[in-house]
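K.L.:
fold the stuff below for me.
(one chain, ligands or ions: 2)
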Amino acid sequence: MPDHILSGIKAIVAVNLRKKGKLQKEIAEYLNMDRSIVSHYLHGRHPSKRVIRVSEEIIKLPVNNAIKIINSLSDDRDITSKIIKELYNAKIQVDPDRCILCGGCLECPHGAIYKDSNYRINIDHNKCKLCGNCISTCQTDALILKALPNKLEE
Ligand code: SF4
Ligand code: SF4
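P.N.:
Ligands and ions are numbered 1, 2, ... in the order given. Down below sits the predicted model:
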């Protein structure tokens, strides 16, 4: 079942990319999938409507919850990052009231987290890939993926 739900979420992303004019080949490359499966997505042949409905409910969740679910479904932070980037207009933010400066998040695989001159945690949004690694790492829930309006609603 987790694979089906992930397929449903990928199908939503694929349709979204198609609406933006991306070619089937480009969508397949972006989602690291076989073109024939992308073709099924775009023609509504796979996955089932029920799976799509469940997937739609997941992506309506607050993005902080959605990223954790999608990460656990995919077990692949690169794919999670691509899905989140495509579906949400989101940025990682630090809640200074919750941050205890433990430094755990500085292990960001993309070098996007640093301590500034005031020893506060900061995010370089140009480097951040929205992989969600820091959110899972932070023990105090000080890192929040904050969504601006959902791209699907634009
Ligand atoms: S892991 Fe969380 S508490 Fe620790 S430094 Fe990073 S944001 Fe602060
Ligand atoms: S979401 Fe990933 S890339 Fe962005 S700051 Fe957190 S760990 Fe780094």
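
K.L.:
and the chain, which residues reach ligand 2?
P.N.:
92, 108, 110, 112-113, 123, 128-134 (Cβ under 6 Å from any ligand atom). All C-beta spots, glycine's among them, are computed from the backbone N, C-alpha and C.

K.L.:
tell me the one among these nearest to residue 16.
P.N.:
Checking the residues of the chain next to ligand 2 against residue 16 with Cβ to Cβ, the nearest one is residue 130 at 15.9 Å.

K.L.:
buried sites along whichever helix in the chain runs longest?
P.N.:
The residue-count maximum for a helix in the chain (DSSP state H) belongs to helix 2-19. Buried residues in helix 2-19, counted by 16 or more other Cβ atoms under 10 Å: 5-14, 17-18.

K.L.:
pLDDT for the residues you listed - can I get that in a markdown table?
P.N.:
As requested, these are exported to a markdown table (pLDDT from 0 to 100):
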| residue | pLDDT |
| --- | --- |
| 5 | 95 |
| 6 | 95 |
| 7 | 95 |
| 8 | 96 |
| 9 | 96 |
| 10 | 96 |
| 11 | 97 |
| 12 | 96 |
| 13 | 96 |
| 14 | 97 |
| 17 | 96 |
| 18 | 96 |
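
K.L.:
contacting residues around residue 96?
P.N.:
Going by Cβ atoms under 8 Å, 6 or more residues apart in numbering, residue 96 touches 120-121, 142.

K.L.:
how would you label it: helix, strand or coil?
P.N.:
coil (DSSP: H, G, I helix; E, B strand; the rest coil).

K.L.:
and the worst-scoring helix or strand of the chain on mean pLDDT, what other elements does it pack with?
P.N.:
Ranked by mean pLDDT, DSSP states H and E, the helix or strand of the chain with the weakest confidence is strand 143-148, at a mean of 83. Judged by 3 or more Cβ pairs under 8 Å, 6 or more residues apart in numbering; DSSP states H and E, strand 143-148 is in contact with helix 63-74, strand 89-94, helix 133-137.
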